[in-house]
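Participant: Have a look at this fold, sequence not included:
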């Protein structure tokens, strides 16, 4: 079973992911705080990280950027989600794999997760 970490305090997002990712054979662990994201991520070794842009005491974009700067976590797919549609233009600044705006559309979310968890083809 693949493993994803969701960092969000948005109960609707948590419910949507927890109740639907089982269809994809993905176990979602929810972290409602940001804390030491690098340590938490390395310890849990997820296949995917989903971060809400708005967190109680932190900025999801900054957390994503921290992850992508770490040599061991650099290739970890990160989905950044937000109510702010204007963030789409600056999402690349955070080095996220993709950006999805709220309200989340289930098919878009599941398609995105599936695509990011597919094994990458290795060139010969």
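Facilitator: Ah, there it is. What you are looking at is a predicted structure, and each value in this text was computed from that prediction instead of being measured.

Participant: the helices in the chain, which residues?
Facilitator: 11-20, 37-44, 60-69, 106-117 (DSSP state H).

Participant: which residues does the most centrally placed residue in the chain bridge with?
Facilitator: Against the mean C-alpha coordinate of the chain, by Cα atoms, centre = their mean, the closest residue is residue 50 at 1.5 Å. Applying DSSP bridges to residue 50 yields these beta-bridge partners: residue 6, residue 79.

Participant: Could you list the low-confidence segments of the chain?
Facilitator: 33-34, 87-89, 120-124 (pLDDT under 70).

Participant: 50 - rerun?
Facilitator: 121-123 (pLDDT under 50).

Participant: next one: phi and psi at the closest residue to residue 68 other than its chain neighbours?
Facilitator: In space, and not counting its chain neighbours, residue 68 is closest to residue 95: 3.7 Å by Cβ to Cβ, 6 or more residues apart in numbering. To be clear about C-beta, it is placed using only N, CA and C from the backbone, and glycine gets the same treatment. Main-chain dihedrals, residue 95, degrees, to the nearest 10: phi 70, psi 30.

Participant: Many thanks, I have nothing further to ask.
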